[in-house]
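> build the 3D model from these lines:
(one chain, ligands or ions: 3)
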Amino acid sequence: MLTLIKNGTLVTEEHTFAADILLKDNKISRVENPGVILDTAEKIIDATGMLIFPGGIDPHVHMHLPTPAGYSSDNFLSGSRAALFGGTTTLIDFVTPHKGEPLQDALAKRKAEADNCLTDYAFHMSPVEWRDSLPDEIKSCVKKEGIPSFKVYMAYKDSIGLEDEELQKVFHAVAEAGGMVTAHCELGDEIETLRNDFVKNGQTTPAFHPLSRPAKLEAGAVKKAIGFAAEANCPFYVVHVSTAASLEPIREAQQRGQKVFAESCPHYLLLDDSRYQGSFEQTAPFVLSPPLRKKSDNHALWDALADGTIQTMGTDHCPFSFEQKKIGLHDFRKIANGAGSVEHRLTLLYTYGVLQNKISLNRFVELTSTRPAKIFGLYPQKGALLPGSDADMVIWNPEKEQTISSQTHHMNCDRDIYEGFKTKGAPEYVIVHGEIAVERGNWKGNALKGQFLKRKIIR
Ligand code: URP
Ligand code: ZN
Ligand code: ZN
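Ligands and ions are numbered 1, 2, ... in the order given. Sure thing, here's the model as predicted:
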């Protein structure tokens, strides 16, 4: 099947230029000056007035995540469908084994859970404890399973968080295997003490969630983890950076030439801690970790996106229904932790970043697609508009205006943390493997079948 996309403006991380694209089955076959490819395709899409981006890659989502409040409310089917509505065509989720469970066994279970994913997908592997067999298991993930990235948690010490000595061993084992460590950076012991003290004093509302997880505990963890990475000579990626204070150790490491990458999420750019003032119903949807910070942090993060300190934009998509949030009505520690935004990543970053001149259009593509692909070993299969790349792309209507609402979003969640946000710019077509998944807001993707992506990090 040949599909010709004519008259569009292609945007890559480096260039913006008029070109026509020919898709052959599930791959990009040619990219040529306008008019060069003759109209012999079975399907022709006129992209006059449209921008064309490589399909979005969200490097940080949690579909069907088991928690004490039940599973996060999007499974791989509903979450990937919502992602596609927003122009994201590849997801990187996580494998979180139980304690004692071999990494390969947990991977097999997770693959079965993701079998109905409509987009292509990959996983970061999360060691949740140290054991002597871990170096071999990690090696097998990197060499056999195509999983070269490992996520460790410095918070959540009562469940999946690691002790410092365990972290150091993981950094060494991953470095040895040729992989990369990514980390949720918050100093877990200090947080446990603070949150338990608040509850002991009867301070149980969501207002105490951010107070129990101050910015300095994130920055302290970032600094510590960067030190472990340096000592082990291991590439390192800080997930969901939320605060200006964390940018300092990240910048210092990057300036020293250490391989340190950073991700942020739209909520740390667009929302702030004033969201924790109000009733439980108003504030509980914003309970996520790290918490929302100050407006000054929002500004510092925008600057860090623009100057390249932060290389990727994930969402940490982890929605819960209000019923699940309500489990913590009398104890903020029990509120299901997380929020959904996989559908809004591109529209929010375009509206509030590109259109407000905070980042260029090319940086937008870099943050949402090309750099995640390069960092996590998916490039140039993904993240590129090149002959031979997968035919995953977004034909973007820069004029389309919308208002975000839980009434109209496609995520399986009865609240939307961006309720009422106005956006300009939206996908006109979303194309996956050369097939139209979404056309002018209408779902066309019932036949889609996502594939597990084996990856290799090029150091
Ligand atoms: O609040 C969040 N982020 N929930 C998901 C787990 C995590 O920390 O990434
Ligand atoms: Zn996290
Ligand atoms: Zn997360």
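
> helices along the stretch 151-300 of the chain, start to end?
With helices called from DSSP state H, counting those that start in this stretch, the stretch 151-300 of the chain shows them at 164-177, 188-200, 208-211, 215-232, 244-256, 266-270, 280-283, 295-307.

> next, the buried residues of the last one.
It refers to helix 295-307. Neighbour-count burial for helix 295-307 flags 297, 298, 300, 301, 302, 304, 305 (criterion: 16 or more other CB atoms under 10 Å). Just so you know, the C-beta spots here come from the backbone N, C-alpha and C atoms, and that holds for glycine as well.

> pLDDT score for the third one?
This points to residue 300. pLDDT for residue 300: 99.

> spell out which residues of the protein are next to ligand 1.
Proximity of the chain to ligand 1, by CB under 6 Å from any ligand atom, involves residues 62, 184, 288, 289, 316, 318, 337, 338.

> among these, which one sits closest to residue 217?
residue 289 (10.9 Å; CB to CB).

> that closest one - how many residues pack around it?
Other residues near residue 289 number 21, with proximity taken as other CB atoms under 10 Å.

> next one: it from residue 147, what distance?
24 Å (CB to CB, to the nearest Å).

> next up, the contacts around the closest residue to residue 304 other than its chain neighbours.
Distance criterion CB to CB, 6 or more residues apart in numbering; nearest residue to residue 304, sequence neighbours excluded, is residue 310 at 4.6 Å. Contacts for residue 310 (CB atoms under 8 Å, 6 or more residues apart in numbering) come out as 241, 247, 262, 263, 264, 301, 304, 367.

> could you do residue 239 as well?
By CB under 8 Å, 6+ apart, the neighbours of residue 239 are 60, 151, 182, 183, 184, 185, 263, 314, 316.

> try it again with 6 Å
60, 182, 184, 263 (CB atoms under 6 Å, 6 or more residues apart in numbering).

> same deal with residue 246?
Per CB under 6 Å, 6+ apart, neighbours of residue 246: 218, 219, 222.

> ok, residue 455 touching residue 377?
Yes: look at residue 455 against residue 377 with CB atoms under 6 Å: they come within range, at 3.6 Å.

> any shared contact partners between these two?
residue 148.

> a helix runs through residue 70, doesn't it?
No: under DSSP: H, G, I helix; E, B strand; the rest coil, residue 70 sits outside any helix and is assigned coil.

> which residue is the nearest non-sequential neighbour of it?
Leaving aside its sequence neighbours, residue 70 is closest to residue 324 (5.7 Å, by CB to CB, 6+ apart).

> surely the one you found is in a strand?
No: read with three-state DSSP, residue 324 is helix and lies in no strand.

> can you name the residue of the stretch 101-250 of the chain nearest ligand 1?
residue 184 (5.0 Å; CB to the nearest ligand atom).

> now residue 413, nearest residue through space, not along the chain?
residue 319 (3.8 Å).

> hmm, residue 70 and the one you found touching each other?
No: if you go by CB under 6 Å, residue 319 and residue 70 don't touch, sitting 11.7 Å apart.

> residue 438 versus residue 85, what's the distance?
From residue 85 to residue 438 the distance is 6 Å (CB to CB).

> strands of the stretch 1-150 of the chain, start to end?
2-11, 16-24, 27-32, 43-46, 51-54, 56-58, 88-95, 120-125, 149-153 (DSSP state E, counting those that start in this stretch).

> so what touches the third one?
Right, the one you point to is strand 27-32. 19, 20, 21, 22, 37, 387, 389, 391.

> quick one: which of those residues is most hemmed in?
Counting neighbours by other CB under 10 Å, residue 21 leads those with 25 neighbours.

> re the thing from before, pick the most buried one from the strands of the stretch 1-150 of the chain.
strand 56-58 (a mean of 30; mean count of other CB atoms under 10 Å).

> against which helices or strands is it packed?
strand 88-95 (3 or more CB pairs under 6 Å, 6 or more residues apart in numbering; DSSP states H and E).

> sheet-wise, list the partners of the strand it packs on with their directions.
The pairing partners recorded for strand 88-95 under DSSP bridges are strand 56-58 (parallel), strand 120-125 (parallel).

> neighbouring contacts of the last one?
Read it as strand 120-125. Taking CB under 6 Å, 6+ apart as the rule, strand 120-125 contacts 90-95, 103, 114, 141, 147, 149-151, 182, 450-451, 453, 455.

> re earlier: and the least confident of the contacts of strand 27-32?
Lowest in pLDDT among those is residue 37, which has 95.

> measure it to residue 16 for me?
From residue 37 to residue 16 the distance is 20 Å (CB to CB).

> so what's residue 453 up against?
By CB under 6 Å, 6+ apart, the neighbours of residue 453 are 120, 122.

> could we number from 54 for the rest of this?
Sure thing, new numbering starts at 54, so read that last one as residue 506.

> over to residue 480: give its phi and psi.
Main-chain torsions, residue 480, degrees, to the nearest 10: phi -60, psi 130.

> for it, name its beta-bridge partners.
With DSSP bridges as the rule, residue 480 is bridged to residue 449.

> my guess is it contacts residue 450. True?
No: contact criterion CB under 6 Å: residue 480 and residue 450 do not qualify, at 7.4 Å.

> okay, those two: which has more neighbours?
Set side by side, residue 480 and residue 450 show more neighbours around residue 480, with 28 against 18, by other CB under 10 Å.

> need the pLDDT of the more buried one.
Per the predicted model, pLDDT is 98 at residue 480.

> distance check, it against residue 464.
Residue 480 is 15 Å from residue 464, by CB to CB.

> repeat that for residue 191.
For residue 191, the distance to residue 464 (CB to CB) stands at 33 Å.

> next, count neighbours for the closest residue to residue 475 other than its chain neighbours.
Leaving aside its sequence neighbours, residue 475 sits nearest to residue 456 (CB to CB, 6+ apart; 5.5 Å). For residue 456, the neighbour count with other CB under 10 Å is 12.
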